[in-house]
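1. generate a structure from the sequence data that follows.
(one chain, ligands or ions: 1)
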Amino acid sequence: MIQAVKGTKDLFGAEATRWANMEATIRDVCKAFCIGEIRTPVFEYTELFVKTTGDTTDIVQKEMYTFTDKGGRSITLKPEVTAAVVRAFLEHKLYAQTLPSKLFYLSPCFRYEKPQAGRLRQFHQFGAEYFGVYHPAADAEMISLAHEVLKRLGIPTRLYINSLGGNACRAKYNKRMKEFLQENLDKLCPTCQERFEKNPLRVLDCKDPSCQAVLEGAPSTIDTLDTECRNHFETTLSLLKQLGINAEINHKMVRGLDYYTRTVFEFVSDDIGAQSAVCGGGRYDNLIEVSGGSPMGGIGFAMGLERLMLSLAKNAQEGNEVARHVDLYLGAIGAEGFKKAQHVAFQLREAGVCVEADMQERSVKAQMKFADKIGAKYSAILGDDELANNCVKLKNMETGEQVDAPLSELAQYIIKE
Ligand code: HAM
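-> So this is what the prediction gives:
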């Protein structure tokens, strides 16, 4: 038997229902924040991610699903969505519309990482991006959007925040970091030795224990902020405070993508194991220009839906039985009843009633057992008598109570929840 590819996951039953409910909550919150949806293709030209995510990041160096298509082009399954959304924003000239542009997405992503709980090779992100706004109010609104989604889903988290500053601050930081790392260069892993030359800040991402040991006492990005960036950070923090959102400053957090400037943040959950970051994001005031557009501020985040599901599953009771919502089980006796039942079921479905009908001409006993098993709220059996009277005995499966219900009015007898 062929099995699913390592690091991928099938979704069905109660989990699929929970997933759909989670997406509905996300859509509700985005609506309240006046954010429109965007869908981009599953793959893009490889160059897009190399240019924006950064050629010294783990994603680009180790994790991309890249292949050459039959036309000889290098294609990559999107490891993240921000770069693709920026591409679409520029390609379709969305900047010509009223700014800021506010977009959200629900999308699969692909990263060749070592699979474990909460870390998959195909996973899904809910994310949001604002383009065309530099003000810290956008940072606060973006964080409050993530906060509200997590709150409505009932997922307890802690929020960490940091500032990487703008280009000048980053240059200053990289210089300091280089000076700091210089003495222990031989203790760094080969990847970090390369990062030392090209992008010293990225060394902070490394999980290698020997690099981690070197990083003790590394300089903090906050110490190299210029006045403007410091003010931006402080205003963001005070706006968050006003919204009642607690944020803890984490000087070491730089996030694993190169496009960030100024604010970066992560929401972390305590109850889903080692892969505890449920949401990560930040400001990227260079990204739109780097991608070929005019200089324009931007900020966004993405949440891993599988990680949210891990937290939701902890509180859920359902098993793996395919979750069905069944208002009525409509069974039948005899060939005429069977035929009519198909017709009545179809009409009821048109009227919005969720109906399961017998599809196998089984015995009445087997049909009633089935109705019970699938948790139907009501059941009825159509036989010759019912056909002659155009009326069925509608049974409330919970109370056992039965009423005579005319076939033509069946929908009104079924109380929908
Ligand atoms: P990221 O931190 O790489 O950021 O990913 C965002 C979230 O996706 C993570 O916090 C995590 O919940 C989830 N995630 C990442 N990798 C995996 C995986 N292998 N398996 C399961 N879940 C995973 C970004 O992708 C940025 N594009 C976020 C952003 C948007 N920044 C600005 N705008």
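2. from here on, contacts and neighbour counts on C-alpha atoms
-> Will do.
3. tell me which residues of the lengthiest helix in the chain come out buried.
-> In the chain, assigned by DSSP state H, the helix with the most residues is helix 13-32. By neighbour count with 16 or more other Cα atoms under 10 Å, helix 13-32 contains the buried residues 14-15, 17-19, 22, 25-27, 29-30.
4. which stretches of the stretch 251-400 of the chain have low pLDDT?
-> Low-confidence segments of the stretch 251-400 of the chain, defined by pLDDT under 70, are located at 315-323.
5. show me which residues of it are close to the ligand?
-> 277-282, 299-304, 307 (Cα under 6 Å from any ligand atom).
6. which of these sits closest to residue 118?
-> Each of those was scored against residue 118 by Cα to Cα, and residue 307 proved nearest at 5.2 Å.
7. for that closest one, which non-adjacent residue is closest in space?
-> The spatially closest residue to residue 307, leaving aside those adjacent along the chain, is residue 118, at 5.2 Å (Cα to Cα, 6 or more residues apart in numbering).
8. quick check, that neighbour in contact with residue 303.
-> No. With the criterion set as Cα atoms under 8 Å, residue 118 and residue 303 do not qualify as a contacting pair; they are 11.7 Å apart.
9. check which residues of the helix or strand where residue 191 lies are buried.
-> Residue 191 is part of helix 190-198 when elements are defined by DSSP states H and E. Residues 192-193, 195-196 are the ones in helix 190-198 that count as buried (16+ other Cα under 10 Å).
10. format the residues you listed as JSON lines; extra columns: distance to the ligand and pLDDT.
-> Compiled in JSON lines, the buried residues of helix 190-198 are given as follows (distance: Cα to the nearest ligand atom, whole Å; pLDDT from 0 to 100):
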{"residue": "192", "distance to the ligand": "19", "pLDDT": "93"}
{"residue": "193", "distance to the ligand": "22", "pLDDT": "92"}
{"residue": "195", "distance to the ligand": "18", "pLDDT": "91"}
{"residue": "196", "distance to the ligand": "21", "pLDDT": "93"}
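11. can I get these in CSV including distance to residue 327?
-> Compiled in CSV, these are given as follows (distance: Cα to Cα, whole Å):
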residue, distance to residue 327
192, 60
193, 63
195, 60
196, 63
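12. let me see the contact set for residue 237.
-> With contacts defined as Cα atoms under 8 Å, 6 or more residues apart in numbering, the neighbours of residue 237 are 140, 247.
13. where does it land on pLDDT?
-> With respect to pLDDT, residue 237 scores 98.
14. where along the stretch 301-417 of the chain do the helices fall?
-> Counting by DSSP state H, counting those that start in this stretch, the segments of the stretch 301-417 of the chain that form helices are 305-314, 334-350, 364-373, 384-389, 410-413.
15. among these, which is the most enclosed?
-> When neighbours are counted by mean count of other Cα atoms under 10 Å, the highest per-stretch mean among the helices of the stretch 301-417 of the chain falls to helix 305-314, a mean of 19.
16. report the angle between it and helix 13-32.
-> Using axes from the mean of the first three to the mean of the last three Cα atoms, to 10 degrees, the inter-axis angle of helix 305-314 relative to helix 13-32 is 120 degrees.
17. hmm, back to that, any idea of the mean pLDDT for the helix or strand following the helix holding residue 191?
-> Using DSSP H and E, the next helix or strand after helix 190-198 towards the C-terminus is helix 209-215. Throughout helix 209-215, pLDDT has a mean value of 92.
18. OK, contacts around the residue nearest to residue 307?
-> Counted by Cα under 8 Å, 6+ apart, residue 118 has contacts 272-273, 275-276, 306-307, 310.
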